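> Prediction below, plus the sequence it came from.
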Amino acid sequence: MKLKLVSLVALASFSVSLPQLMVLHLGQVTFKHHDHFVKLLLGCPVLEELVLENVILDCECLQSKFELNLEKLSRASIGFSYYKECMKVLFFHAVSCNVTSLFISWSADLSFDSIPDVFMNLKQLEVSWGIYYWDRLITFLHHCPQLEQLIICKDTLTSPKPQHEWNPIPDTPLEHLKFFCMKNYVGSDIELEIIGYVLKNAIMLETLKIYFAGSLPSNKVRDQIVKSLSKLPTTSKNCHVLLLA
């Protein structure tokens, strides 16, 4: 089921029962309250795929505690631009159990301080955000012990400049990571350190793929970037590096 450009205010008066619905896509859908969105998901007990883009909530949630069990959910794509903090916590709880493939795009104010769960079954993660928030990505990776594929789609248009000095990335084992990809690479110090972090900690890495940003001024600049990348030490003995325009 796909819903787009609608307001679901009527959910305040009706129950939801969609016992066979396995795919739900919501695009620019407005809910009067957070609880109405919870009601919709509770009515989809066998949901396997969930896509949320620009879901809007007019009010804060009416209740401070909620439970949501989406045990069949395996694929999720979530954009966080307009979500309340309680919604963000709800989504992470909802997808933390059995989801194997997750795409996330979010605004700069999203943090992971309130995520208690581990994404034990998550195999593929794709994120789209400003590269200056790498520390939040590393924090999120702590919750993904079985991750095999990591794709970073760096948002070069909206990435703000860092507001504070950032600390070196701490070592975190990426024991199962086999594939890493970064898009819109421009050769910044932060990007280089993220790639160095992956090469150092992903002992099973098979493929490292980097797409250069189209805004790079010349081949000379790209040659300099390649030279910097070639100096990074790697732990994996079977890693193939692909640099693509």
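Cool, got the structure.
> Test for you: state the pLDDT assigned to the nearest residue to N201 once chain neighbours are set aside.
Computed as C-beta to C-beta, 6 or more residues apart in numbering, the closest residue to N201 that is not its neighbour in sequence is L174, at 4.6 Å. For every residue, glycine as well, the C-beta is placed using N, CA and C. pLDDT, L174: 89.
> my guess is L174 is in a helix, correct?
No. With DSSP: H, G, I helix; E, B strand; the rest coil as the criterion, L174 is assigned coil and is not in a helix.
> Offset the numbering so it begins at 19, please.
Renumbered: residue one is now 19, and that last one reads L192.
> Show me the domain layout of this protein.
Domains of the chain are assigned by automatic domain parsing as 19-126, 141-177+187-263.
> what about the most centrally placed residue in the chain, distance to L140?
Geometric centre of the chain, nearest residue: I122, 3.0 Å, by C-alpha atoms, centre = their mean. Separation of I122 from L140 (C-beta to C-beta, to the nearest Å): 11 Å.
> Thought V145 was touching the residue nearest to the centre of the chain, still the case?
Yes. Using C-beta atoms under 8 Å, I122 is in contact with V145, at 5.2 Å.
> Could you look up the SS state of the nearest residue to V117 once chain neighbours are set aside?
Nearest residue to V117, sequence neighbours excluded (C-beta to C-beta, 6+ apart): A94, at 5.3 Å. On the three-state scheme (three-state DSSP), A94 is labelled strand.
> ok, how many other residues are close to A94?
Burial of A94 is recorded as 22 neighbouring residues (other C-beta atoms under 10 Å).
> Which residues outside the helix or strand where I228 lies are in contact with it?
Element membership for I228, per DSSP states H and E: strand 225-230. With contacts defined as C-beta atoms under 8 Å, 6 or more residues apart in numbering, strand 225-230 is touched by 196-204, 213, 216-217, 240, 243, 247, 257-263.
> List the pairing partners of the helix or strand harbouring L21 within its sheet, with orientation.
Using DSSP H and E, L21 sits within strand 20-22. Looking at strand 20-22 with DSSP bridges, its partner strands are strand 41-45 (parallel).
> can you pull the buried residues of the partner strand?
For strand 41-45, the neighbour count (16 or more other C-beta atoms under 10 Å) marks 42, 44 as buried.
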